[in-house]
Every structure is written in structure tokens, then in C-alpha cells.
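Engineer: Quick one, fold the following:
(2 chains)
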Amino acid sequence: MELVGLNAWQFNQYPHEFSGGQRQRVGIARALALNPDLIICDEPVSALDVSVQAQILNLLEDLQKKLNLTYLFIAHDLSVVEHISDRVMVMYLGKIVEIAKSEELYEQPLHPYTEALLKAIPASHPKNTRKRETLPGNLPDPSNPPGGCNFHLRCKYSTDLCAKEEPLLKELNGSDHSVACHYAETLSLDGFESSF
Amino acid sequence: MNNDNILLTCSGLRTYFYTDDGVVKAVDDVNFTIERGKTLGIVGESGCGKSVTSHSIMQLVPKPHGKISGGEIIYRGHDGEEVNIADLDPFGPKMRQIRGNEIAMIFQEPMTSLNPVYSIGDQIIESIRLHQKLNKKDAKARAIEMLKLVGIPAAELRVNEYPHQLSGGMRQRVMIAMALSCNPKLLIADEPTTALDVTIEAQILELMVDLQKKLGMSIMIITHDLGVVGELADDVAVMYAGKVVENAAVVDLFDRPLHPYTQGLLNSRPVIGNKKRLFSIPGNVPHLAHLPKGCPFAARCANAKDICLSEEPAVVDAGQGHSVRCWLHA
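Structural biologist: Numbers count the residues shown, from 1 in each chain, chains lettered A, B, ... in the order given. Model prediction:
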């Protein structure tokens, strides 16, 4: 308990006696109790306030260094993902569409869905006039996926080929960067433009 | 500022809860104004009084423990008539006419705010029929139209579905459809996008901005996400422990945050391209029934002086409509 920043005297307390951030610390303590090598964090900070989120992210990073842990970190907040991850995997409708080193993915996305995700990040300053582009439509029904590429109905680059044939996940020019798009090598997509 | 442009003024609002632990001052001397067609963002951590402020405006403070103990909430309706919501009977006809019709609200948890045993269509139709005097058929058509407006596919079929058949994001869209179905003058959105994915969040925020332009409604958005505030709000009120600690136009707040708490919030956000350790405000929000003497933020503040621990700071005007409640600027 002390490892995650709680006090030993809180041992006999019940969950309702803790704040949201403290409960997440309890969750982390429980996950650590048996000395695992891998911890799967499923949206560990999405329910927390920014200041508490920062505390928990720092704690996770400290523990990783101290205990040599591996994290599989699931989140939808892209700035949190970028902050904590070494490698990032983007999923769409049950399939991996892109996987790459974190910096590379944010600077040079190769899948149109990744590009759209990066464009949807809110600007970090209201004066920043970067146009936030929104992706039209919704996630298709997974029980009735569209033919071809799952993303083709919402993709502004899609062609007839995308509607017919499903692209496979393949590694590009010997790098550690894999993508599932027919046009990964020909499209020139925008990365995330830093606001400052 | 022209008085006609102001839709709602909150002055000296105090909402207290009388509990066995003592008086919880959930909202303590809160002041702000909302202009017509503009957006006010309210930012702060859980338990700082954001939601209780919005519940006070809706007269939804739980009885008998909770009570608006002081202050005024002046609402100026379409005909220019002024109503002090704080004085209204929560169950009286006037409040029922305002609530849901002129001031509508999107709640924080779409999972628990929808009734699981009624179809979503029935839940939207209920408020349309109550306020708009439409017959059942027209109300249903309006409900379907609203569902389409918020981007629910196959709205004609979905209207008959129950909340458990929808995803979390879809449920939040239903909540928004329900809130907007009576063309409210003020939409209170309590953490409307916290549960949504980033692409859906962008869609919902864009939808809210579009509808605001179209309908000219004001929005009060309650959130802890400063990115959302930067995107949507014209003015921002930062709350801490039941008080507004800083109030400013949105650009001014990001450029010139004056309160150490606001500075802490802005610095604790992860910024893409910067992997440095995050700044985090030490400690936790104090318990509202046992507030420390002096400034409630003093114990967590790096710049606290002696006076911060003994006396409560007053509101200081920092120019350009920017005000802050802090001894460092007094």
C-alpha cells in the first residue's frame, strides 16, 4: 500500500471511504500484489480529474522503473497514450490497423484512421486555430462489418479497391511500423502538429 | 455589459448540505454570469461544487439535507421577465415550466440517468409532450428527428430500443437529444464528453457548437477537461472547494492563469511531444465539512504565505473581466 502512496492505517477502510484517485491506487496495489511482469491497464485514468490523472500517471511510471514492469495500456485519450507509451497500436473494429513506435505514429501516421484520430485531439490552447477535423459517421456494427477494408465507408481516401479487398497488416520497409491499408505507401498523411 | 444580453446571473449563491458531520458548504458564495448565445465553462475537480451549482440552477438539490441557503439566481426569460430561481418552489408550476423546457441539462452519467425500463423514445416523448403540447404522433416524429440530429443511425428503429441496448456514447447522444428536444435557452452540460472516444467527442462538441449557432442557446459546460473548455467556452470559471477561484475569458485564462490552482491544472495536462514527468498538484481536495481556516487551497499551494493559512482571500479584480480569489494578487 505504501508503494502506491497510501497509508498503512487505511488498511481496514472500505472503498467508499477513498477518493477516486485513491481507489485507483488501491486497484494498482491489488494488481501489484503478486509481483506480476505484465500489467494490463484498461482505461486506468479516464475516470479521473486531470490533477489526479497526473498523480496516477506519474505513479505508474515510477513503478515501471522500480519494478521493471511491462504495461499494456488501453486508453482513448491520445495525449495520455503518447505520454506513457513506447509503442502504440491502433485498433478499428476488432482489427489492428497500425502499430508503431509512439513518436513515429504521432509524427508520421500511415493509416487514414490514425490520421483522423490525431486530428480530433482538442487544441491545447484556445488561440491555436488548428482546425479540428471530425470523422463522419460511426463505428460500423461489428456483427455486420462492411466488405473490404472496415474503414472504407468513413475514409476520405477510399477507392473501389478498398470496398472489395481487405488490406492485410504488413510491415513497411523493414521498420517497426506496420499498417493495414492498401495505400499506406502512396498516401502522404499529416501527423500531429504540436501546438507550440 | 448590456443587461439584455445576460441570460442568467448567479450572485452570492450558497448551497449547503446539513449532515451529521456538520454543514457541508458545497457551493459557497459563487458568482458568474452567462450571456445569451455564449458558453460558460466551469472547471474543477470532483467534489468542488460544479455539479451542485448546476443542480441549484435546476432546483434539483436533494432535500431535506441540501438547501440553497443564500444568494440569487436571476434568470431572464425570452420576454425579458426576471425570475429568481433560488426563490422558486422546486415543485411549483413556474419551476417545472423552466426546468427541462427553458433550461435543460445533460447529466454526467448516461448509464444511470436513463430509465432502464422505458424505451429511449418514450423517455424523449415524455418531456416533449409535457412542455410542447404535441400529440403522440408528432412527439414521436420530433423524437426521431432529434435522434437523427445527434447522429444516431437508424433512428426510426433505435427509438424503440432500451438504454441497455445502446453503447455508452449512444446513451449520451440520447441524453443530448432529450435535452435539446424542447429548444432550451440554456443547456447545462455536466461532463458531456468524458465517457466518449476522441472522434465521437469531436463530433459531439461540433454538434453542440452548430446547434448553439442555429438556436442561439447559451451553454454552461461543466468539465475537468481543459481541452474541451478551450474548444467550446467563451468564459471560464475555475472552482475549488465550493468557491469560484478564478473567472476570465477563455484566452485570457490560458495566457494569464493567476490562481496557483489554475496554473497547476494547466500544467498537469500531458502535452503531446513532451514526455517530461507530469506536474501534479500534491495532496487531495479538503473535505467540505472540515475546511481549513484561510484559503482552502493553501495546504496544496507552493506559494502559500502566512496570511493564506489564517484569512480567506477576497475576490481581486485583475482587469479585462478577469478576477481571482488569491492573496498573491491582492
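
Engineer: what's next to whichever strand or helix holds B:Ala237, contact-wise?
Structural biologist: Using DSSP states H and E, B:Ala237 falls within strand B:235-240. Here strand B:235-240 makes contact (C-beta atoms under 8 Å, 6 or more residues apart in numbering or on different chains) with B:30, B:32, B:35, B:38-45, B:48-50, B:53, B:229, B:244-250, B:253, B:259, B:261-262, B:265, B:285, B:296-297, B:321. C-betas here are computed from N, CA, C, even on glycine.

Engineer: Walk me through which strands the helix or strand just after that strand pairs with, and which way each runs.
Structural biologist: Using DSSP H and E, the next helix or strand after strand B:235-240 towards the C-terminus is strand B:243-249. Strand B:243-249 pairs in its sheet with strand B:235-240 (antiparallel), strand B:323-325 (antiparallel), by DSSP bridges.

Engineer: what ranges do the helices span in the chain?
Structural biologist: With no chain named, the answer covers chain A. A:20-32, A:50-67, A:78-84, A:102-107, A:112-119, A:160-164 (DSSP state H).

Engineer: wrong one, chain B
Structural biologist: Using DSSP H, helices in chain B cover B:50-57, B:93-98, B:110-113, B:120-132, B:136-149, B:155-158, B:168-180, B:198-215, B:226-232, B:250-255, B:260-267, B:306-310.

Engineer: I'd like to know which elements the fifth one is packed against.
Structural biologist: Translated: helix B:136-149. In terms of contacts (3 or more C-beta pairs under 8 Å, 6 or more residues apart in numbering or on different chains; DSSP states H and E), helix B:136-149 is packed against helix B:120-132, helix B:155-158, helix B:168-180.

Engineer: C-alpha coordinates for it, CSV please?
Structural biologist: Presented in CSV, the C-alpha positions along helix B:136-149 are these (Å, rounded to 0.1, in the frame of the first residue of the first chain):
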residue,chain,number,x,y,z
LYS,B,136,-48.3,11.5,-29.5
LYS,B,137,-47.6,11.0,-33.2
ASP,B,138,-45.9,14.4,-33.7
ALA,B,139,-44.0,14.0,-30.5
LYS,B,140,-42.6,10.7,-31.8
ALA,B,141,-41.7,12.3,-35.1
ARG,B,142,-39.9,15.0,-33.1
ALA,B,143,-38.1,12.4,-31.0
ILE,B,144,-36.9,10.6,-34.2
GLU,B,145,-35.8,13.9,-35.7
MET,B,146,-33.8,14.7,-32.5
LEU,B,147,-32.1,11.3,-32.6
LYS,B,148,-31.1,11.9,-36.2
LEU,B,149,-29.8,15.3,-35.2
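
Engineer: and it, how far out from the chain's middle?
Structural biologist: Remark: helix B:136-149 is offset 26 Å from the chain centroid, using C-alpha atoms, centre = their mean, to the nearest Å.

Engineer: Buried residues, that helix. List them.
Structural biologist: B:139-140, B:142-144, B:146-149 (16 or more other C-beta atoms under 10 Å in any protein chain shown).

Engineer: Over to the last one?
Structural biologist: Buried positions in helix B:306-310, judged by neighbour count with 16+ other C-beta under 10 Å: B:Cys308.

Engineer: quick one: contacts of it?
Structural biologist: With C-beta under 8 Å, 6+ apart, helix B:306-310 has contacts from B:292-295, B:298, B:301, B:327.

Engineer: so which of these comes closest to chain A?
Structural biologist: Ranked by distance to chain A (C-beta to the nearest C-beta), the contacts of helix B:306-310 are led by B:Cys301 at 12.8 Å.

Engineer: surely the closest one meets B:Gln263?
Structural biologist: No - applying C-beta atoms under 8 Å as the test, B:Cys301 and B:Gln263 come out as separate, 9.9 Å apart.

Engineer: Compare those two and say which is more crowded by neighbours.
Structural biologist: When B:Cys301 is set against B:Gln263 and neighbours are counted by other C-beta atoms under 10 Å in any protein chain shown, the residue ahead is B:Cys301, at 23 against 17.
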